[in-house]
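J.: Below are the sequence and a predicted model for it; my questions follow.
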Amino acid sequence: MDVRQAVPDLASADAAVRRAAVRALHACGDAGSSQAASVLPLLGDPDAEVRQAAVRLFCSWGEGVVPLLRRVRRDGPGGARAAALEALAEIGGEAALSARDVAALERLVRVKTPEDAPVPMACCFLSWIAVPTGDQSGVMSLLGLSAPRPVPFAAGVYAADVDSHGGFDEDPHDALRRVFVTPELAGWTLVVGAWCDPSDAERADDVLAACERLSARYGRAQAYWWSAQNDGSAVLVAERGAAVRRFAYIPGEDTGHLELGAPLGYEQRRRAELGLPPLVAGRLPAEADEEDEEDEAEDEWMWELLELAPRLAGELSLDPLSLGPGTPVRGTGVLALTPYGRRMRPPAGALRL
């Protein structure tokens, strides 16, 4: 269709018609950007769905509309400024923002953080490293993290969740560019993000070495991966500079190469509570005999393994799913770049503050 045909409907009194016009321009791809000036008023539309459709449309046009969005931020209209900021953040992250906008966001964070409180880390794919210390800067230094930016706790969790979905369709390293480093939580610092996954094919060796370094300085360090979609769990425990246990259970995948160390007391205790024989080092439960696989208790053990990361963390350190306003907290969380982030630039995307 001729992109100009949709323009009159952008000013319709009917919100449904305005949404349809935005969708029509979206379907035109880059050609629709020629009508960007006509779409601008919809960034301040009274209908929330129209506003969001307009933001998505500008994001689809990419860096070419950044100057136009910056002008909105500077000159108005006032009602469109917030959505223009969201679109800029989605298109290019901090690099797309003016110095004035960056300073304004930093002020907003400073206002929010004094009354900030932990929230449960409700991520679809959750990876984290736990260290028994409040030495946030020391942990970041040992891990080679840089460019920390203070953020409210919920924004850090949101970033970790969004990032964990990256890397599926484009660069597989997209998910590895940044992490959320929490404030001290009941004596522990958590480093949260896909970069911390102890079972990832590319990261497993580095995460093991990182936990050994951290445990050499702080006595202990643990790394976990867990899927809220019942895709599995992975655990790594290091003490006094050496890894003492690592294993993963991911249904349908061979994880035998990750098996390291003797089963932990928690594993054996849960087996005993289910009426199952003790685990033997080097023999994964997934390798059980056929008659064992049909046994109801063994089947229950498989379900136990799917939840083992947060449950074991609750036993050995902190269960990130159970964090809340009652969790003792000291300091402020930060988003920090990993070595991947330094090479690739920080990820784009608006954060919920």
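T.: Great, that's in hand.
J.: switch to C-alpha atoms for all contacts and neighbour counts from now on
T.: Fine.
J.: after the lowest-mean-pLDDT helix or strand in the chain, next one along is what?
T.: In the chain, no helix or strand scores lower on mean pLDDT, DSSP states H and E than helix 290-293, which sits at a mean of 48. Proceeding N to C from helix 290-293, the next assigned helix or strand is helix 296-306, under DSSP states H and E.
J.: List the contacts of that next one.
T.: Applying Cα atoms under 8 Å, 6 or more residues apart in numbering, the contact partners of helix 296-306 are 226-227, 230-233, 249-250, 271, 274-276, 285, 292-293.
J.: what helix or strand does residue 22 sit in?
T.: helix 15-27.
J.: which parts of the very next helix or strand once past that helix are buried?
T.: Once the chain leaves helix 15-27, the next helix or strand it forms, by DSSP H and E, is helix 36-39. Neighbour counts over helix 36-39 (16 or more other Cα atoms under 10 Å) mark 36, 39 as buried.
J.: Toward the C-terminus, what is the element adjacent to helix 36-39?
T.: Downstream of helix 36-39 (by DSSP H and E), the next one is helix 48-61.
J.: next helix or strand past that next one?
T.: Remark: after helix 48-61, the chain's next helix or strand is helix 66-75, criterion DSSP H and E.
J.: What is that next one packed up against?
T.: For helix 66-75, the elements it packs on are helix 81-92, judged by 3 or more Cα pairs under 8 Å, 6 or more residues apart in numbering; DSSP states H and E.
J.: can you rerun that using 10 Å?
T.: Packing partners of helix 66-75 (3 or more Cα pairs under 10 Å, 6 or more residues apart in numbering; DSSP states H and E): helix 36-39, helix 48-61, helix 81-92, helix 99-112.
J.: Quick one: closest of those helices to residue 346.
T.: Closest approach to residue 346 among the helices and strands packed on helix 66-75 (Cα to Cα): helix 81-92, 9.0 Å.
J.: three-state assignment of the residue lying closest to residue 204 once chain neighbours are set aside?
T.: Excluding the flanking residues, the one nearest residue 204 by Cα to Cα, 6 or more residues apart in numbering is residue 198, at 4.8 Å. Secondary structure, DSSP: H, G, I helix; E, B strand; the rest coil: residue 198 is coil.
J.: contacting residues for residue 198?
T.: Contacts for residue 198 (Cα atoms under 10 Å, 6 or more residues apart in numbering) come out as 127-129, 204-208, 211, 222-225, 233-237, 246-248, 258.
J.: got the buried residues for stretch 103-117?
T.: Within stretch 103-117, the residues scored as buried using 16+ other Cα under 10 Å are 109, 113, 116-117.
J.: for stretch 212-232, same thing?
T.: Going by neighbour count (16+ other Cα under 10 Å), the buried part of stretch 212-232 is 212-227, 232.
J.: Quick check: residue 81 vs residue 68, distance?
T.: Distance check for residue 81 against residue 68: by Cα to Cα, to the nearest Å, it reads 12 Å.
J.: Of those two, give the one with the bigger neighbour count.
T.: More crowded of residue 81 and residue 68, by other Cα atoms under 10 Å: residue 81, with 20 against 15.
J.: hang on, that one packs against residue 55?
T.: No: in this structure residue 81 lies outside contact range of residue 55 using Cα atoms under 10 Å: 11.3 Å.
J.: Find residues that contact each of the two.
T.: Here residue 81 and residue 55 have 43, 87 as joint contacts, going by Cα under 10 Å, 6+ apart.
J.: pLDDT weak spots in the protein?
T.: Applying pLDDT under 70 to the chain flags residues 1-2, 166-171, 281-297, 348-353.
J.: coming back round to it: so which of the contacts of helix 296-306 belong to strands?
T.: Secondary structure assignment (DSSP state E) places 226-227, 233, 249 from the contacts of helix 296-306 within strands.
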